[in-house]
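**Q** predicted model and sequence below, questions to follow.
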Amino acid sequence: MKILIVGYYGFKNLGDELILFKIIEDIRSIDSSVDIFVWSGDEEYTRNTQRVKAVDRFSPEETKEAVAQADVVIVGGGGLMNEYYRIDAGDLFHAYGRHMPSYASVSLLAKIMKKPVFYWGHGVGPFFSREGEEFARWFYTLADVITVRDAYSYRLLKDLLDCDGRHLYLDNDPVLSLDLTRFIKPEKSMFTQGETFVGIQVREWFGINSFLEKLSRVLTRVYLESEDVKFVPVPFNLSSDREILERLMKKMPLGSFWLGGMNLLYTIDDVLS
């Protein structure tokens, strides 16, 4: 059997890469002989970290060939369909692979070729416009079976589809059932016994400046009122999160963050290898 997995993969975002890792692990636990292809923004990276074959998401030709070969198309989580960024139906045919509507192009190809389509562990919404809602409704009608990872997404999608839920299921995020103990590397640990460490992850998003001010005040209060708490910066997206975390650390009292934490944290390659 051949399976094509589609999602925001190959961009070195730890959350998405771990979702993909767990999806692959679950599939192989059922059938270790499955031939898996992943629609990726960086084919070499995906091949090396996930130990699968990869398809160039920016190539319509490669995508079409991968769908034609697949027995099942899986569109994996997390939050692929929302309106934090613009949803323009015209992007379905423009700058292939670079906009949110491009995910629908793979599902549409699969339906044209009569391939079963499974949406796995999605987070859905929010939507702020009529066009966004209509596009999302159409996108989700392309699936034969849908699982979502939270109650909000389940309610929103059930209303959008106006369905009785027979092909829509409430599940959890795949990563929640991932055994993370395998990734612990004691030789790299420099945590001190008796201290409490709290991981902090911040993403560049709307209103980030005012959010950093509020967050720094809250964390400063926690730090000053606790004797043994230290914060650890946890960049999930290695291309953007470090700079935001550094801005937060500069607003905090000296010593509140684990010194050297930013450099000693595992890279995505470390985690997945």
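**A** Noted; the coordinates are in hand.

**Q** what's the local residue count around residue 85?
**A** 8 (other C-beta atoms under 10 Å). C-beta here means a position set from N, CA and C on the backbone, and glycine is covered the same way.

**Q** give the burial count for residue 176, as a bare number.
**A** 10.

**Q** and it, helix, strand or coil?
**A** What DSSP: H, G, I helix; E, B strand; the rest coil gives for residue 176 is helix.

**Q** now do the contacts for it.
**A** Contacts for residue 176 were tallied using C-beta atoms under 8 Å, 6 or more residues apart in numbering; there are none.

**Q** 10 Å - rerun?
**A** By C-beta atoms under 10 Å, 6 or more residues apart in numbering, the residues touching residue 176 are 22, 121, 149.

**Q** residue contacts, the closest residue to the last one other than its chain neighbours?
**A** Translated: residue 149. In space, and not counting its chain neighbours, residue 149 is closest to residue 173: 4.2 Å by C-beta to C-beta, 6 or more residues apart in numbering. Applying C-beta under 10 Å, 6+ apart, one finds that residue 173 lies in contact with 15, 18-19, 22, 77-78, 121-123, 148-150.

**Q** and the furthest pair within those?
**A** Using C-beta to C-beta, the two most remote members of these are 18 and 148, lying 17.9 Å apart.

**Q** higher neighbour count, the two?
**A** Taking neighbours as other C-beta under 10 Å, residue 18 and residue 148 compare with residue 148 leading, 26 against 21.

**Q** phi first, then psi, for the more buried one.
**A** phi -120, psi 160 (degrees, to the nearest 10).

**Q** and the gap between it and residue 155?
**A** Distance from residue 148 to residue 155, counting by C-beta to C-beta, to the nearest Å: 9 Å.

**Q** what do those two both touch?
**A** By C-beta under 10 Å, 6+ apart, residue 148 and residue 155 have these common neighbours: 124, 170.

**Q** circling back: mark which of the contacts of residue 173 are part of helices, please.
**A** In this view, these that belong to helices under DSSP state H are 15, 18-19, 22.

**Q** between these, which is nearest residue 1?
**A** For the ones in helices among the contacts of residue 173, the nearest to residue 1 is residue 22 (19.0 Å; C-beta to C-beta).

**Q** nearest spatial neighbour of that closest one, chain-adjacent residues omitted?
**A** residue 174 (4.0 Å).

**Q** what's the helix or strand for residue 136?
**A** helix 130-141 (DSSP states H and E).

**Q** residues of that helix that come out buried?
**A** 132-133, 135-136, 138-140 (16 or more other C-beta atoms under 10 Å).

**Q** where along the protein do the strands fall?
**A** Along the chain, counting by DSSP state E, strands occupy 2-9, 35-40, 53-56, 72-76, 117-122, 145-148, 168-170, 196-200, 229-233.

**Q** just checking: what are the partner strands of the longest one?
**A** Right, strand 2-9. As defined by DSSP bridges, the strand partners of strand 2-9 come to strand 35-40 (parallel), strand 72-76 (parallel).

**Q** now these in CSV, with distance to residue 52 and mean neighbour count?
**A** Shown next, in CSV, are these (distance: least, C-beta to C-beta, whole Å; neighbours: other C-beta atoms under 10 Å):
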stretch, distance to residue 52, mean neighbour count
strand 35-40, 4, 23
strand 72-76, 12, 24
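
**Q** flag the shaky bits of this protein, pLDDT-wise.
**A** With pLDDT under 70 as the threshold, the chain has low-confidence stretches at 164-165, 184-194, 259-273.

**Q** fine by me, thanks again.
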